[in-house]
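A.B. asks: here's my sequence, what's the structure:
(2 chains)
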Number of protein chains: 2
Amino acid sequence: MNALVAHGGGPTSVINASLAGLVNRAREMRSFKHFYGARLGVKGILAEDWVDLLSYGFEAIEAVGRTPGSAIGSSRQKLSDDDYGTILHIFDRHNVRCFFYTGGNGSMDTALRVEQCARAQGFELKVIGIPKTIDNDLEITDHTPGYPSTAHFFAIAARDVGEDNRSLPSPVCVLEVLGRNVGWVAAATALARHTDADAPHLIYFPERPRSLDQIAADVDRVYTRLGRVVIAVCEGQMDEKGQPFGADVDRAGSTVHRLASNLGHTLARRISETVGIRARSEKPGLFGRCCGPLASEVDRCEAYACGRAAAAAAIDGESGVMIAIRRVDETLYRSEYFLTPLTEVARRERTMPDEWINEQGNDVTSPFLEYLRPLVPQVHAYPRL
Amino acid sequence: MNALVAHGGGPTSVINASLAGLVNRAREMRSFKHFYGARLGVKGILAEDWVDLLSYGFEAIEAVGRTPGSAIGSSRQKLSDDDYGTILHIFDRHNVRCFFYTGGNGSMDTALRVEQCARAQGFELKVIGIPKTIDNDLEITDHTPGYPSTAHFFAIAARDVGEDNRSLPSPVCVLEVLGRNVGWVAAATALARHTDADAPHLIYFPERPRSLDQIAADVDRVYTRLGRVVIAVCEGQMDEKGQPFGADVDRAGSTVHRLASNLGHTLARRISETVGIRARSEKPGLFGRCCGPLASEVDRCEAYACGRAAAAAAIDGESGVMIAIRRVDETLYRSEYFLTPLTEVARRERTMPDEWINEQGNDVTSPFLEYLRPLVPQVHAYPRL
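C.D. replies: Prediction:
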């Protein structure tokens, strides 16, 4: 009996840790003859472009588990109805009886459909989802592997850009962070702040559309107090009419297809024009989801553990489920892993809870920081003169 | 007798190390009653907004020496002819007999003019320049403190964005790096590459204006070979007509005033249009000059040593000189410090040597890598499947 793993959606700093946990746990349990990794996601499944991960030694897989990006590759390809049948046909031909799919809520929907399709055809297949997304927008799980590392990156970015901005005050600095629909990553930049003079001074959330006038008023207020303003804002921030601020938008009929985001620059220009003070922008972009040296070790360990739990679940006969994380000790952080039906997570998006965004919609509240702090290395304050 | 230090231009990850070396060496030598730090550069000198750095303990100064940004602040303010006289008048009133100015070639020009003005007036003042610029564009010195840390940051960025780009191939990714007139930082991204399939696949230099057609042809060639292209390019890259590619340009009469750079985004769009394949961009921006965790330890130590050497030089009676770095051992890297007249470095810009840029103008040559490698932590290759 053989197994196959594939990755869906954007890679993270720790998706390979999940791969390593999965493959090396399966190796220990000796349940599979071949454990295939599909190259470049579902594309590779369909093209039968597979690598046998058990052909690599335990240590080689562990070493890959500490690298960012996806070692087997990923894709954003959407499957057609026919593709599902084709996949099962291919699995049957190669005696693949366990399918592991690592990704976010879209990937969990794909996994669910593979599982449903197999069940409908009476094809014996265990399907296990492994959570992965820097967006932290999966339901049920306390958080998603990948998010803590990106959260840490942008917290460090906000702190250090803030330090630069204190040194040579430029009136406004817009730090564009990852996140199209949810503000989890923007929220994380609040970890950078140790006094109310520290950056970020304003944080915006896609969950709270914001007019340019509101932003301009916020900026003006902070500028009056400190003479400088660092803003953390998601690439997907919308204005009060639900229009993306920065993205170049390609309107084909009624659908709005977003092209490359240029939010930071666009918002900086519009702030300059409206408030009349100079603004600039930084956009670390994808570096924020792949920066190996700034990955969170808690994240890496949990991603690895999710992979191990997935192998164990499949071998236990579970199917149609995703591994999820639960925190079991509030004071001294500790987490455990449990199974949730794919139906609970597929295509569902977890936005920031209302109570973790302040009333004005321009900052987090302290319970959010209590939630996040155990997941990332300490973002310490710099000593000052 | 008192001393004063000020910072000029953009901060770096290690300018505070120079400050710490300077102040703590002076403390050891007990030559000054007060050692003032001017807040926010020359602005603070003129406003007499000073802090006595000897009022902080040795350890407090050492701790600040490990932080990014400028602990006393900096400015880009240009001095008027009158300002020089005012500064000497202020120095006289506070018995400031040693002036240390940390910065790049513009700051060294300011230091030189202070020195000349003092000499003309018969005012006893020792003026010592301390090198600092992430641009690495000072003459005489082997390299400038600040550059190795930014070089390391962008080499890591190119490597890890390259890893991300391999995982989920997007055709073209433009990594915008710091550097308006010189390509030293762009060149450093070459450290990310361990095979000819690794990012960055193309590196451009402000020293080599490049037409969009040339860039498009380069991109097309790499894309045909690998199916993906990561480009490292400076914010100040020019086209063949000497026009900046990305900067929003404000043409007031004959002077071209560059506003916030948006090169990455602009170039990505133009590549998309010309080559017909999708491109995106990342712009870590100022994070590249202030990221504490990715600073180079060699850089930090050398910056500290430059500060110490500056204190010693002033106390030895030197004036009108800048501390410079010389490498004395080619095989096992070691450096030493020497003095160079300010006239040799003021307003002079060191561009990348011709022989360190390849003939096609889209990559470095190996002697450049031999030059850079000892200055930054190893940018190791990730293990792969």
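A.B. asks: which bits of the stretch 201-350 of chain A sit near chain B?
C.D. replies: Applying CB under 8 Å from any CB of the partner chain, one finds that the stretch 201-350 of chain A approaches chain B through A:248, A:260, A:262, A:264-265, A:268-269, A:279-287, A:289-294. The C-beta positions use only the backbone N, C-alpha and C, and glycine is treated the same way.
A.B. asks: any idea where the helices of the stretch 1-150 of chain A begin and end?
C.D. replies: Under the criterion DSSP state H, counting those that start in this stretch, the stretch 1-150 of chain A contains helices at A:15-29, A:42-47, A:58-64, A:81-93, A:105-121, A:147-167.
A.B. asks: am I right that A:Gly10 is in contact with A:Gly69?
C.D. replies: No: here A:Gly10 does not reach A:Gly69: they are 10.0 Å apart, not a contact under CB atoms under 8 Å.
A.B. asks: quick one, which of the two is more surrounded?
C.D. replies: More neighbours surround A:Gly69 than the other of A:Gly10 and A:Gly69, with 28 against 24 (other CB atoms under 10 Å in any protein chain shown).
A.B. asks: neighbours around the closest residue to the more buried one other than its chain neighbours, how many?
C.D. replies: Nearest in space to A:Gly69, with sequence neighbours left out and distances taken as CB to CB, 6 or more residues apart in numbering or on different chains, is B:Glu163 at 3.5 Å. Neighbourhood size, B:Glu163 [other CB under 10 Å]: 26.
A.B. asks: report the contact partners of the most centrally placed residue in chain A.
C.D. replies: Note on chain A: the residue nearest the mean C-alpha position is A:Ile134, at 1.2 Å, using CA atoms, centre = their mean. Applying CB atoms under 8 Å, 6 or more residues apart in numbering or on different chains, we find A:Ile134 in contact with A:10, A:12, A:144, A:146-147, A:149-150, A:178, A:185, A:288-289.
A.B. asks: about what we covered before: and the residue nearest to A:Gly69, what pLDDT?
C.D. replies: According to the prediction, B:Glu163 has pLDDT 96.
A.B. asks: so what's A:Val345 up against?
C.D. replies: Residues touching A:Val345, when contacts are defined by CB under 8 Å, 6+ apart, comprise A:105, A:108, A:129, A:131, A:138-141, A:322, A:324.
A.B. asks: about what we covered before: tell me the most buried of the helices of the stretch 1-150 of chain A?
C.D. replies: helix A:147-167 (a mean of 28; mean count of other CB atoms under 10 Å in any protein chain shown).
A.B. asks: does anything pack onto that helix? Which helices or strands?
C.D. replies: Packed against helix A:147-167, as judged by 3 or more CB pairs under 8 Å, 6 or more residues apart in numbering or on different chains; DSSP states H and E, are the following elements: strand A:172-177, helix A:184-188, strand A:229-234, helix A:287-290, helix A:297-315, helix B:287-290.
A.B. asks: any idea how far apart the tips of stretch A:350-369 sit?
C.D. replies: Taking CA to CA, to the nearest Å, the span from the opening residue of stretch A:350-369 to its closing residue is 17 Å.
A.B. asks: any buried residues in it, and which?
C.D. replies: Of the residues in stretch A:350-369, those scored as buried under the neighbour-count criterion (16 or more other CB atoms under 10 Å in any protein chain shown) are A:350-352, A:356-357, A:361-365, A:368.
A.B. asks: okay but A:Gly106 is in contact with A:Leu342, surely?
C.D. replies: No: A:Gly106 lies out of contact with A:Leu342 (CB under 8 Å); the separation is 12.0 Å.
A.B. asks: that older thread, now the buried residues of stretch A:350-369 as JSON lines including pLDDT, distance to B:Phe123 and secondary structure?
C.D. replies: As requested, those are exported to JSON lines (pLDDT from 0 to 100; distance: CB to CB, whole Å; DSSP: H, G, I helix; E, B strand; the rest coil):
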{"residue": "A:Arg350", "pLDDT": "98", "distance to B:Phe123": "67", "secondary structure": "coil"}
{"residue": "A:Thr351", "pLDDT": "97", "distance to B:Phe123": "65", "secondary structure": "coil"}
{"residue": "A:Met352", "pLDDT": "97", "distance to B:Phe123": "61", "secondary structure": "coil"}
{"residue": "A:Trp356", "pLDDT": "98", "distance to B:Phe123": "60", "secondary structure": "helix"}
{"residue": "A:Ile357", "pLDDT": "98", "distance to B:Phe123": "59", "secondary structure": "strand"}
{"residue": "A:Gly361", "pLDDT": "96", "distance to B:Phe123": "57", "secondary structure": "coil"}
{"residue": "A:Asn362", "pLDDT": "98", "distance to B:Phe123": "52", "secondary structure": "coil"}
{"residue": "A:Asp363", "pLDDT": "98", "distance to B:Phe123": "51", "secondary structure": "coil"}
{"residue": "A:Val364", "pLDDT": "98", "distance to B:Phe123": "54", "secondary structure": "strand"}
{"residue": "A:Thr365", "pLDDT": "98", "distance to B:Phe123": "57", "secondary structure": "coil"}
{"residue": "A:Phe368", "pLDDT": "98", "distance to B:Phe123": "57", "secondary structure": "helix"}
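A.B. asks: show me which pair in those residues is furthest apart.
C.D. replies: Across those, no pair lies farther apart than A:Arg350 and A:Asn362, at 21.2 Å, counting by CB to CB.
A.B. asks: on that earlier part again, just the ones of the residues of the stretch 201-350 of chain A next to chain B in strands?
C.D. replies: Restricting those to those inside strands, with DSSP state E as the criterion, leaves A:279-282.
A.B. asks: most neighbours out of the residues you listed, which is it?
C.D. replies: Within those, neighbour counts (other CB under 10 Å) peak at A:Ser281, which reaches 27 neighbours.
A.B. asks: check contacts around that residue.
C.D. replies: For A:Ser281, the contacting residues are A:173-176, A:264-265, A:267-268, B:260, B:283, B:285, taking CB under 8 Å, 6+ apart as the criterion.
A.B. asks: if we can go back for a sec, for the buried ones among the residues of the stretch 201-350 of chain A next to chain B, write the corresponding ChimeraX selection.
C.D. replies: Buried members of those, identified by 16+ other CB under 10 Å, are gathered into one ChimeraX selection as follows:
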select /A:260,262,264,265,268,269,279,280,281,282,283,284,285,286,287,289,290,291,292,294
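A.B. asks: noted, bye for now.
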